[in-house]
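Trainee: Sharing a model that was predicted from the sequence below.
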Protein chains: 2
Amino acid sequence: MVFAELEIVVPTFLVDTQKCRKNIVRMQAKAQQHQLAFRPHFKTHQSEKIGFLFRDLGITQITVSSFRMAQYFAQQGWRNITVAFPVNILEIEAINKLAKQLKLHVLVESTETVELLNSYLQYMVGAYVKIDNGYHRTGMDVVHIEKISTVVEAIEQSCFLNFAGFLSHAGNTYQAKNKQEIAKIHLNNIKQMNLLKNTFLGKYPEMKLSIGDTPSCSLMERFEGIDEIRPGNFVYYDAMQLLIGSCQLEQIAAFVACPVVAVHPERNELVIYGGAVHFSKESMDHHAYGICFGLVVEELVKGLQLMDGCYLKKISQEHGVVHVTKEFLAHKPVGSIIYLIPVHSCLTANLMKEDTLYLE
Amino acid sequence: MVFAELEIVVPTFLVDTQKCRKNIVRMQAKAQQHQLAFRPHFKTHQSEKIGFLFRDLGITQITVSSFRMAQYFAQQGWRNITVAFPVNILEIEAINKLAKQLKLHVLVESTETVELLNSYLQYMVGAYVKIDNGYHRTGMDVVHIEKISTVVEAIEQSCFLNFAGFLSHAGNTYQAKNKQEIAKIHLNNIKQMNLLKNTFLGKYPEMKLSIGDTPSCSLMERFEGIDEIRPGNFVYYDAMQLLIGSCQLEQIAAFVACPVVAVHPERNELVIYGGAVHFSKESMDHHAYGICFGLVVEELVKGLQLMDGCYLKKISQEHGVVHVTKEFLAHKPVGSIIYLIPVHSCLTANLMKEDTLYLE
């Protein structure tokens, strides 16, 4: 990829497809090494083109986070989709349409939802029970084994549901500060999941354990008892993953190119056309910069480099205020382009769908 | 508007057009009362339909925050547009196309930008000098009168630029905690703008002063010397404006309806289908709730009510975690709908363009 050769006039999401391919190959190899099924999460890219990169590498099973996304990928021929989000029963029409044409898995976490599905489903659907191992966003707390058992039994009694197993997302690794903290969360997650497996495998020998956050899947080497991984962010990575140590700079595959529209040398700031409607308002707490919304990179002879002291400091709807060094500011006049690593590539990709440039 | 009669199955942005109309009429009356030109900012709604509401009330001059938005509204017949964003010189092709077909104003804040415009413009464009009166996002610091003078002269010497006047945006009112703080920022803003007017009006008798934040335009009654106001957010308002006192609950015209997908009575939380890709990640620091992403409302017999103790506590890509009271939770099972006021309606409207329901 050569940034300088691109003709950028408005904020543009640059995707380095060679790096994406490497990221996929690496994660696929890791899954094979640990005998894990690989079901990448497509919510990160939501892109037909990136989907085809996966397919070219032999991947046929995917994860998405909404039925709408499932419909989008179904149109492109994907026939095995897990919607890793507590099933929204109000979309029963879409669910039935999807279940008719492909192998669909949904997430349940209460007997109420199972009963509603049972009343309205017309086709077979696989159901994972969503387990909460400490993230506390949603899911059934792993300690409530009896409640979990009740839900599993309700699934099995349903004419249109198959019990697929247990699924968790250790999203709390995103708040980790280093590999040790990620390891602690991950090892607890697989330990709890294996307790469930030990309890239910006898009765349900086909059941699987599915886990999926990018930090754990990128950094960890222990997956005993786990059957499937569902990382998503790894295809692009981002500044947050770099900060917590999930990836190296050279693995990052997504950038935002933004025009400089004003220069403020007296406070070492550039104003860019690039704000909350491009990056999202996701921030991170950087050890040197404090709360920031993106990191600045340059493509130099020796390759892509982080520009020390240069970061996206504030954003409003269309404006970004970039703190820079005097040296950096000196060669970035109005009308030049700067390149940033977004804090959270999933949210940025979602906002920039219409302004994405895929680079070979 | 009757929420209960709507058929909602996915997160939906509900716009109460009657309230929008009232908000427009009120702001238009205020502008007339103070003899101010009214040039509403359309970045809030970015909507053809809401644009027509304004047009039906006789409004013909508008503000937008990008040339792309200007193109969108130009297609609907708007012929007098200010792009209130430091001009992105790289979009010169779009600028020339717009300038050919309508009365266009841009913002400049350096001689470099003026020179670039002068080299590439093919049609006449009005140029405001962007002034910074303390917000420090961008603009020329009002104390640098000589620098400002140099930019004004450069504009006047250009064949394709007309000096339109000075424009400021007191965006720091959004961080205000009450009316007194807003008044302090606003009065300083108009004082500084009038100092500029006193300096330049003799030489440039046609020059105007344009200001524009929603808190000031909603709450203040002093606009001496000001020629034009450009508020945008007031058409919808939102939870942030309610918090700082810019509006009353009954003036809020935009809501997000979200399906409940999981219930966690043990921690008084509901999980909704509604996250960062619907609300944006804009947060506010609420006096009782701390950092939050939205407030919960219900439509009761006596009208729309804020639900005390109910607020959007956490969001990730598609999930929202809503803290609720036991009473509220008791009648919101999986499959029901809850209604939220977003923190920042502009960012929510931008994300929800495809999922907006305009209610009469």
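Mentor: Perfect, I can see it now.
Trainee: so what does whichever strand or helix holds A:I341 touch, helix or strand wise?
Mentor: A:I341 belongs to strand A:337-342 when assigned by DSSP states H and E. Counting by 3 or more C-beta pairs under 8 Å, 6 or more residues apart in numbering or on different chains; DSSP states H and E, the packing neighbours recorded for strand A:337-342 are helix A:239-244, strand A:254-264, strand A:294-300. The C-beta positions use only the backbone N, C-alpha and C, and glycine is treated the same way.
Trainee: tell me the most buried of the ones you listed?
Mentor: strand A:254-264 (a mean of 25; mean count of other C-beta atoms under 10 Å in any protein chain shown).
Trainee: Just after it, pick out the following helix or strand.
Mentor: Immediately after strand A:254-264, counting by DSSP H and E, sits strand A:269-273.
Trainee: Which other helices and strands does that following strand contact?
Mentor: strand A:254-264, strand A:319-323.
Trainee: could I get those strands as a markdown table with mean pLDDT and distance to B:H41?
Mentor: Formatted as a markdown table, those follow (pLDDT from 0 to 100; distance: least, C-beta to C-beta, whole Å):
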| stretch | mean pLDDT | distance to B:H41 |
| --- | --- | --- |
| strand A:254-264 | 98 | 18 |
| strand A:319-323 | 98 | 14 |
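Trainee: export the longest helix seen in chain A as CSV, just CAs?
Mentor: In chain A, taking DSSP state H as the definition, the longest helix is helix A:179-200. Provided in CSV are the C-alpha atoms of helix A:179-200 (Å, rounded to 0.1, in the frame of the first residue of the first chain):
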residue,chain,number,x,y,z
LYS,A,179,-1.5,-9.6,28.3
GLN,A,180,-1.5,-10.8,31.9
GLU,A,181,-5.0,-9.2,32.5
ILE,A,182,-6.2,-10.7,29.2
ALA,A,183,-4.9,-14.1,30.3
LYS,A,184,-6.7,-14.0,33.6
ILE,A,185,-10.0,-13.2,32.0
HIS,A,186,-9.5,-15.8,29.2
LEU,A,187,-8.5,-18.6,31.5
ASN,A,188,-11.5,-17.9,33.8
ASN,A,189,-13.7,-17.9,30.7
ILE,A,190,-12.6,-21.3,29.4
LYS,A,191,-12.6,-22.7,32.9
GLN,A,192,-16.3,-21.8,33.5
MET,A,193,-17.2,-23.0,30.0
ASN,A,194,-15.6,-26.3,30.7
LEU,A,195,-17.5,-26.7,33.9
LEU,A,196,-20.7,-26.3,31.8
LYS,A,197,-19.4,-28.8,29.3
ASN,A,198,-18.7,-31.3,32.0
THR,A,199,-22.2,-30.9,33.3
PHE,A,200,-24.1,-31.1,30.0
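Trainee: returning to that earlier point: which among the helices and strands packed on strand A:337-342 is found nearest to A:K184?
Mentor: helix A:239-244 (13.1 Å; C-beta to C-beta).
Trainee: That closest one packs against which elements?
Mentor: helix A:214-219, strand A:284-286, strand A:294-300, strand A:337-342.
Trainee: Report whether the helix or strand following the third one contacts chain B.
Mentor: Tracing the chain C-terminally past strand A:294-300 and defining elements by DSSP H and E, one meets strand A:303-315 next. Yes: under the criterion of C-beta under 8 Å from any C-beta of the partner chain, chain B is reached by strand A:303-315 at A:K314.
Trainee: count of neighbours near the closest residue in space to A:K43 that isn't next to it in sequence?
Mentor: The shortest distance from A:K43 to any non-neighbouring residue, by C-beta to C-beta, 6 or more residues apart in numbering or on different chains, is to A:S65 (4.2 Å). Using other C-beta atoms under 10 Å in any protein chain shown, A:S65 is surrounded by 25 other residues.
Trainee: which residues touch A:I211?
Mentor: A:167-170, A:189-190, A:193, A:217, A:223, A:226, A:228-230 (C-beta atoms under 8 Å, 6 or more residues apart in numbering or on different chains).
Trainee: how about CSV for these, with pLDDT added?
Mentor: Conversion of these to CSV gives the following (pLDDT from 0 to 100):
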residue, pLDDT
A:L167, 98
A:S168, 97
A:H169, 94
A:A170, 89
A:N189, 96
A:I190, 96
A:M193, 97
A:C217, 97
A:F223, 98
A:I226, 98
A:E228, 98
A:I229, 98
A:R230, 98
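Trainee: Tell me the one of those residues nearest chain B?
Mentor: For the contacts of A:I211, the residue nearest chain B by C-beta to the nearest C-beta is A:H169; the value is 9.5 Å.
Trainee: Not counting its own residues, what contacts the longest helix of chain A?
Mentor: Against helix A:179-200 from outside (C-beta under 8 Å, 6+ apart): A:131, A:133-134, A:142, A:145, A:148-149, A:152, A:166, A:168, A:170, A:172-173, A:176, A:207, A:209, A:211, A:215-216, A:219-220, A:222-226, A:244-246.
Trainee: Let's see the ChimeraX selection covering just the buried ones among these.
Mentor: This is the ChimeraX syntax for the buried subset of those, where burial follows 16 or more other C-beta atoms under 10 Å in any protein chain shown:
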select /A:131,133,134,142,148,152,166,168,170,172,173,176,207,209,211,215,216,219,220,223,226,244,245,246
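Trainee: Mind checking which of the contacts of helix A:179-200 land in strands?
Mentor: A:I131, A:F166, A:S168, A:L209, A:I211 (DSSP state E).
Trainee: okay, the residues you listed in a markdown table with distance to B:Q35 next?
Mentor: Formatted as a markdown table, the ones in strands among the contacts of helix A:179-200 follow (distance: C-beta to C-beta, whole Å):
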| residue | distance to B:Q35 |
| --- | --- |
| A:I131 | 64 |
| A:F166 | 68 |
| A:S168 | 63 |
| A:L209 | 70 |
| A:I211 | 65 |
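Trainee: Closest one of these to chain B?
Mentor: Nearest to chain B among the ones in strands among the contacts of helix A:179-200, with distances taken as C-beta to the nearest C-beta, is A:I131, at 12.5 Å.
Trainee: No more questions from me, cheers.
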